[in-house]
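Chemist: Build the 3D model from these lines:
(one chain, ligands or ions: 3)
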Amino acid sequence: MVNYVDAAEAPPKNTGQIRLYGPRDFAGMQAAGQLTARCLDALVEIVKPGVTTREIDDFVYGFGKQHGAPPATLYYRGFTKSSCTSINHVVCHGIPNDKPLKEGDIVNIDVTFIVDGWHGDSSRMYGVGRIKRAAERLIEVTHESLMRGIAAVKPGATTGDIGAAIQDYVEGQRCSVVRDFCGHGVGKLFHDAPNILHYGRAGEGVKLKPGMIFTIEPMVNLGRPHVKVLSDGWTAVTRDRSLSAQFEHSIGVTAEGCQIFTASPAGLFMPPLISA
Ligand code: MF3
Ligand code: CO
Ligand code: CO
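Modeler: Ligands and ions are numbered 1, 2, ... in the order given. Here you go, the predicted structure:
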């Protein structure tokens, strides 16, 4: 049994209830989402061969500091960085370190800034110099899968409609959808109900209502969908070491469809890729 609750009247913890937010809350999410989007826009110029993911993470931290916005991942459940940087066969939750990026790498950068208590959670793929055609194709398929998931969002649709739109498209492109991680309710909490699966069947799951706020963040592999988490407790990689990609937006359900809080003001959500 799903139960929905006025966000203004619910306790500030994940009780499994689905919060319904009002216009002022949407404005708060828009401000947080736009700060995150501007940071991800600025990273387009920074991601280059030779740059370390620690330098990227330092930029993210500094960008937040300049705008009075703490990164939600910093000290979150023992994570000690301001971003996740997931390279090549890393699926998600890669930890920034001192290894330089090299020509041909693909990297997902996932950032969440907190503005006035609201969490703007978004990630994109970046190509490092010239990338292989297969990598470019994986990135395009993953981006398109997120956009198809978003297109399924409207009142009366279900979370299963989102998952089915993503899975049907991805598998039709001979790629696979990671099952071990999902999208999530977001707002004053970083991770809240409901879970948004990136696979499933149309009509199943939770019914979408105006005022719901959540992320969609499909992880797509060129090979098999299976992942394992490394001994650092965070870094998730493909078991078959095939390439993996991810895009993430934070969105709110409106009367007509949805509002994308983390849309890129510069039109760089899908950064330009250079094919080898
Ligand atoms: N930003 C990630 C998400 O999309 C969560 C990262 S949690 C961390 O939900 F601890 F790994 F940073
Ligand atoms: Co997220
Ligand atoms: Co994220």
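
Chemist: for the helix or strand of the chain with the lowest mean pLDDT, packing partners?
Modeler: The weakest-scoring helix or strand in the chain, judged by mean pLDDT, DSSP states H and E, is strand 274-275 (a mean of 94). Judged by 3 or more Cβ pairs under 8 Å, 6 or more residues apart in numbering; DSSP states H and E, strand 274-275 is in contact with strand 130-131. (C-beta placed from N, C-alpha, C; glycine too.)

Chemist: Which elements pack onto the strand it packs on?
Modeler: Against strand 130-131 (3+ Cβ pairs under 8 Å, 6+ apart) you get strand 274-275.

Chemist: Direction included, what does the strand it packs on pair against?
Modeler: strand 130-131 (parallel) (DSSP bridges).

Chemist: Can you name the residues in contact with the strand it pairs with?
Modeler: Glu103, Gly104, Asp105, Ile106, Leu273, Ile274, Ser275, Ala276 (Cβ atoms under 8 Å, 6 or more residues apart in numbering).

Chemist: got JSON lines for these, with distance to Asn195 and neighbour count too?
Modeler: Listed next are these as JSON lines, based on distance: Cβ to Cβ, whole Å; neighbours: other Cβ atoms under 10 Å:
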{"residue": "Glu103", "distance to Asn195": "37", "neighbour count": "14"}
{"residue": "Gly104", "distance to Asn195": "34", "neighbour count": "15"}
{"residue": "Asp105", "distance to Asn195": "30", "neighbour count": "17"}
{"residue": "Ile106", "distance to Asn195": "26", "neighbour count": "24"}
{"residue": "Leu273", "distance to Asn195": "31", "neighbour count": "15"}
{"residue": "Ile274", "distance to Asn195": "36", "neighbour count": "11"}
{"residue": "Ser275", "distance to Asn195": "35", "neighbour count": "11"}
{"residue": "Ala276", "distance to Asn195": "37", "neighbour count": "12"}
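
Chemist: Of those, just say which sits nearest to ligand 1.
Modeler: Using Cβ to the nearest ligand atom, Ile106 comes nearest to ligand 1 of the contacts of strand 130-131, at 17.6 Å.

Chemist: And that closest one, what's its pLDDT?
Modeler: Residue-level confidence at Ile106 comes out at 98, pLDDT.

Chemist: bridging residues for it?
Modeler: Counting by DSSP bridges, the residues bridging with Ile106 are Gly127.

Chemist: show me what contacts it?
Modeler: Ile87, Asn88, Met125, Tyr126, Gly127, Val128, Ile131, Ala135, Leu138, Ile139, Leu243, Ala245.

Chemist: change it to 10 Å
Modeler: Going by Cβ atoms under 10 Å, 6 or more residues apart in numbering, Ile106 touches 86-90, 125-128, 131-132, 135-136, 138-139, 243-245, 273.

Chemist: what do you get for Val91?
Modeler: Contacts of Val91 (Cβ under 10 Å, 6+ apart): 108, 178, 180-181, 219-221, 225-229, 235-239, 243-246.

Chemist: Please enumerate residues in contact with the least confident helix or strand of the chain?
Modeler: Glu103, Gly127, Val128, Gly129, Arg130, Ile131, Lys132, Arg133, Ala135, Glu136, Arg137.

Chemist: could you redo the last one with a cut-off of 7 Å?
Modeler: Strand 274-275 is touched from outside by Gly127, Gly129, Arg130, Ile131, Arg133, Glu136, with contacts defined as Cβ atoms under 7 Å, 6 or more residues apart in numbering.

Chemist: just to revisit the earlier point, let me have the contacts of strand 130-131 in CSV, extended by distance to Gly78.
Modeler: Shown next, in CSV, are the contacts of strand 130-131 (distance: Cβ to Cβ, whole Å):
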residue, distance to Gly78
Glu103, 33
Gly104, 32
Asp105, 26
Ile106, 27
Leu273, 34
Ile274, 37
Ser275, 38
Ala276, 38
